[in-house]
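**Student:** Please work out how this folds:
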Amino acid sequence: MTQRRPSPVVAMLALSSTWESRLTAALRDLGLTTRRLGLLAHLDALPDLSFSELARRTGITVQSAHAAVRQLADDGLVDDATAHAGSASALRLTDRGRQVLRVAQERVAALDAALALEEPALAAALTAARPPEADDAQPADAHLQVD
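**Tutor:** Alright, predicted model coming up:
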């Protein structure tokens, strides 16, 4: 019987699932998902975004952006300063939205620290794998786009 080498892809997916579950649990009481966290991070870093630009930056459809922002607005996290038919939107976080985002980012930082302690080689490899220009292109946590 030949012995197979462990698949790095399978290992990455297994670890990803574990850490995504931990992140989901850390965000649950804030009423956030990873996608909602990413949307808030974009709107915090780039206030007055339109729905089209938010959708483009987050990799979702404009219709999905509308639905997500509507839910965030219903939760008191986002405000559309020009919400009326025929005008461009200017989406921004409310004070509550900024507070929830700050707490969520603290929790993400705690998970980052836990990963560095539990899996130092993996944390270092993931940090090294992220291209430096990615930090300039997107706000912190905006890469969190999974559901």
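**Student:** Return the distance of the helix or strand hosting Val10 from the chain's centre.
**Tutor:** Under the criterion of DSSP states H and E, Val10 resides in helix 8-28. Its chain's C-alpha centre and that of helix 8-28 lie 14 Å apart, by C-alpha atoms, centre = their mean, to the nearest Å.
**Student:** packing partners for that helix?
**Tutor:** helix 34-45, helix 95-118 (3 or more C-beta pairs under 8 Å, 6 or more residues apart in numbering; DSSP states H and E). (Glycine included, C-beta is placed from N, CA and C.)
**Student:** again, only using 10 Å
**Tutor:** Other helices and strands packing on helix 8-28, by 3 or more C-beta pairs under 10 Å, 6 or more residues apart in numbering; DSSP states H and E, are helix 34-45, helix 95-118, helix 120-129.
**Student:** What angle do helix 120-129 and it make with each other?
**Tutor:** Interaxial angle of helix 8-28 relative to helix 120-129 (axes from the mean of the first three to the mean of the last three C-alpha atoms, to 10 degrees): 90 degrees.
**Student:** and the gap between Glu106 and Ser21?
**Tutor:** Taken as C-beta to C-beta, to the nearest Å, the spacing of Glu106 relative to Ser21 amounts to 19 Å.
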